[in-house]
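**Student:** Provided below are the primary sequence and the corresponding predicted coordinates.
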Amino acid sequence: MKPSSLLNAAPLLLLGAVLSACGQSNAATGGRPELPTDSEVRHPAAPKGSPVFLSLLTDSNESLYQVSVTADAASTKINLLALGDKYQGRTVPISAALPEGAVDVKVSDSAAKVLLLHWVMWQDKNSNGQLDGGESLPLLTHDRVVYADRAVNVTFQTLTPDMLQSWNFATGWSRAEHFVYQPLGTQTYRRSLKTNGLNRFELHLPTPITSM
C-alpha cells in the first residue's frame, strides 16, 4: 500500500453525544446514564428479500440492541434507550479492552471500566431472527458506541498493524469517533477513538489498512 497522508476509516457516523455521567441522578431513568433518542445509522441501500437488521454487538458478538431495516432504505433510526442497564456486568477494565499485543500502554486511570459496542448490518436468510454465520453484510464502521464509568485516556502501540493509538472517552455513554492517518515519511500509522457529539453512524465498505 502506498503511503497516504490522510485516511479516514469511518465517515462521520454515529450516535448521540457526550451523555450523562454515570454518577448523575436522573428521575426518568432511575439514575441510569441517559442515552440519545434521535440517532441514526446511515448505510448503503438495504437489500430486498429476506429481512435486514442492524445489531449493536459487544466484542464477543453478543447482541444488545437490534432494529429492523426497511428494504432500499439508506438510513435507519435507532433508539438506544432500549439498551437500558445492559452495560451492567459487561464492562471491563480499560486495560482488558485494548487489542491483543498492545505495548507501551499509558492509562490516565487504570480503575476505569468500559464497554465497547459496534454495529453490524445483516440479512436474516434463514428467518430465525438471529445473526448466524454468513448473514453479515460486507459493511463496517470503526466508530463505537462506548460506555465508560469514568473519563479515561489511554495511549498504546500495536505492531501489527504498525500503529500508535489513543482512546479518549468521556464518562457515561458516547459515540467514539474513529480517525486514522499516516504521517508523510513514516511507516507508523496514527489511530484514535475519541468521544464526539455527532449522532450519526455510517456503515461503509471495508478499507485496507483501516480495516485491520
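**Tutor:** Structure's in. What do you need? Numbers count the residues shown, from 1 in each chain.
**Student:** Verify the stated contact: residue 181 with residue 189.
**Tutor:** Yes: contact criterion C-beta atoms under 8 Å: residue 181 and residue 189 qualify, at 6.9 Å. Heads up, the C-betas are built off the backbone N, CA and C, glycines and all.
**Student:** Look at these two and report which has more neighbours.
**Tutor:** Taking neighbours as other C-beta atoms under 10 Å, residue 181 and residue 189 compare with residue 189 leading, 21 against 16.
**Student:** Do you know the pLDDT at the more buried one?
**Tutor:** Here the pLDDT value assigned to residue 189 is 93.
**Student:** ok, what's across the strand from it?
**Tutor:** Counting by DSSP bridges, residue 189 forms beta bridges with residue 163.
**Student:** just checking, it touches residue 162?
**Tutor:** Yes: using C-beta under 8 Å, residue 189 is in contact with residue 162, at 6.6 Å.
**Student:** Common neighbours of these two, please.
**Tutor:** Residues touching both residue 189 and residue 162 by C-beta atoms under 8 Å, 6 or more residues apart in numbering: none at all.
**Student:** gap between the residue nearest in space to the middle of the chain and residue 195?
**Tutor:** Centroid-nearest residue in the chain: residue 144, 1.4 Å away (criterion: C-alpha atoms, centre = their mean). As judged by C-beta to C-beta, to the nearest Å, residue 144 and residue 195 stand 10 Å apart.
**Student:** Find residues that contact each of these two.
**Tutor:** Here residue 144 and residue 195 have 175-176 as joint contacts, going by C-beta under 8 Å, 6+ apart.
**Student:** helix or strand for residue 96, which one?
**Tutor:** Per DSSP states H and E, residue 96 falls inside helix 94-97.
**Student:** what about residue 104, neighbour count?
**Tutor:** 9.
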